[in-house]
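Enquirer: Provided below are the primary sequence and the corresponding predicted coordinates.
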Amino acid sequence: DTAVSQTPKYLVTQMGNDKSIKCEQNLGHDTMYWYKQDSKKFLKIMFSYNNKELIINETVPNRFSPKSPDKAHLNLHINSLELGDSAVYFCASSQEEYRHIRLSSTDTQYFGPGTRLTVL
Amino acid sequence: RKEVEQDPGPFNVPEGATVAFNCTYSNSASQSFFWYRQDCRKEPKLLMSVYSSGNEDGRFTAQLNRASQYISLLIRDSKLSDSATYLCVVTATSTKFSGGYNKLIFGAGTRLAVHP
């Protein structure tokens, strides 16, 4: 009964390959996120979706394409992987509801266990 | 200047000690503040929100000083299980897409190691 799950947990691949990471939440939340945690441990937001709609896109290369087939799933596809893409990628969800445009960000974000991506 | 700055530590303390972590943030428009905890090779989890009046949750006390843009976390009577990295988190408005939605900005974390 994991709240936020990600697959795979580990991903080792060669430069230039294309790979996908999947995320699912069973909390009934409206908002999902992708974060990247690099070797210096900084956790940075990449994307956020609310009810399948992209609402945050933080200067992420076009090689990264999120897809939300429904509000319980947010997948991340990465094309032409580079060495610098090696990191831990965390999916998260929260019960943020968007009435108009502003988000209060007071709701707790629940993180998945992370996907450790290594690009060789 | 980093948006959220923390002393990386590590703080090595004996069980029972009191330890304090500090954090400064650069965006005076930040509205919400949190402490998250991240165990080694695990995901971050919310420890507590931080309110202007200060708040306490058991052995943990959080303080916020908006004028100085400074947040603190005090842990009393440290336990071995408190060993983790503590992440200071503030909100900021994302301007790189439409709508001006808020996002969480994480500090790099302060590592705490509690020993017997």
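Expert: Received the coordinates, thanks. These numbers come from a predicted model, not from an experiment.

Enquirer: and the lowest-mean-pLDDT helix or strand in chain A, what's buried?
Expert: Sorted by mean pLDDT, DSSP states H and E, the helices and strands of chain A end with strand A:53-57, the least confident at a mean of 85. By 16 or more other C-beta atoms under 10 Å in any protein chain shown, the buried positions in strand A:53-57 come out as A:55, A:56, A:57. The way it works is simple: take the backbone N, C-alpha and C, and place the C-beta from them, glycine included.

Enquirer: output that strand as CSV, restricted to C-alpha atoms.
Expert: Coordinates of each C-alpha in strand A:53-57 appear next as CSV, following Å, rounded to 0.1, in the frame of the first residue of the first chain:
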residue,chain,number,x,y,z
GLU,A,53,-2.0,19.8,-16.7
LEU,A,54,1.6,21.0,-16.7
ILE,A,55,2.0,24.0,-14.3
ILE,A,56,5.7,24.2,-13.5
ASN,A,57,8.6,23.7,-15.9
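
Enquirer: on that earlier part again, name the nearest of the buried residues of strand A:53-57 relative to residue B:47.
Expert: residue A:56 (23.6 Å; C-beta to C-beta).

Enquirer: how about the secondary structure of the residue nearest to that closest one when sequence neighbours are not counted?
Expert: Of all residues not flanking residue A:56 in the chain, residue A:48 sits nearest, at 3.7 Å (C-beta to C-beta, 6 or more residues apart in numbering or on different chains). The local conformation at residue A:48, judged by DSSP: H, G, I helix; E, B strand; the rest coil, is strand.

Enquirer: good, wrapping up.
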